[in-house]
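# prediction below, plus the sequence it came from.
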Amino acid sequence: MAKGGEDLVKYITEQVVHYIETPRQVRKEARVRHKETRESWSVHWFGMIPLSVSMIIKALRRRSKD
């Protein structure tokens with residue numbers, strides 16, 4: 001391991017410099033693009049189970065109305 005965490009300091013410095021050099025508008029667009037493409041938390045944690053349960057509930061509600 002590097003003495004005194006030199007590699008870690010170097011990595012953090014590179015990331016900070018990259019962040020500072022990136023224009024604000026580009027960072028904002030990247031953030032918005034990331035939010036649009038990520039999956040919802042329920043799908044991320046539980047897969048397709050919430051979707052299937054909601055479909056079953058909707059089907060049951062429709063059947064009870066008729």
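Sure, I can see it.
# helices and strands of the chain: which one bottoms out on pLDDT?
helix 41-46 (a mean of 82; mean pLDDT, DSSP states H and E).
# could I get the buried residue list for the helix or strand that it is followed by?
Moving toward the C-terminus from helix 41-46, the next helix or strand (DSSP states H and E) is helix 49-65. Residues of helix 49-65 classed as buried: none (neighbour count, 16 or more other C-beta atoms under 10 Å). C-beta: built from backbone N, CA, C; applies to glycine.
# follow-up on the earlier one: next one: the least confident helix or strand of the chain to chain centre, how far?
Computed by C-alpha atoms, centre = their mean, to the nearest Å, the separation of helix 41-46 from the middle of its chain amounts to 11 Å.
# could you say what helices and strands it packs with?
helix 49-65 (3 or more C-beta pairs under 8 Å, 6 or more residues apart in numbering; DSSP states H and E).
# show me what the helix it packs on is packed against.
Counting contacts by 3+ C-beta pairs under 8 Å, 6+ apart, helix 49-65 is packed against helix 41-46.
# that older thread, could you dump the least confident helix or strand of the chain to PDB, C-alpha only?
Extracted as PDB, the C-alpha positions of helix 41-46 are listed here (Å, rounded to 0.1, in the frame of the first residue of the first chain):
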ATOM      1  CA  TRP A  41     -36.200   2.200  -6.400                       C
ATOM      2  CA  SER A  42     -38.900  -0.500  -6.300                       C
ATOM      3  CA  VAL A  43     -37.600  -2.200  -9.400                       C
ATOM      4  CA  HIS A  44     -34.000  -1.800  -8.300                       C
ATOM      5  CA  TRP A  45     -34.600  -3.500  -5.000                       C
ATOM      6  CA  PHE A  46     -37.400  -6.000  -5.700                       C
END
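# if we look at it, which residues are touching it?
38, 50-51 (C-beta atoms under 8 Å, 6 or more residues apart in numbering).
# export the residues you listed as CSV, with columns for distance to residue 18 and pLDDT.
Output for these, formatted as CSV (distance: C-beta to C-beta, whole Å; pLDDT from 0 to 100):
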residue, distance to residue 18, pLDDT
38, 22, 88
50, 37, 85
51, 38, 86
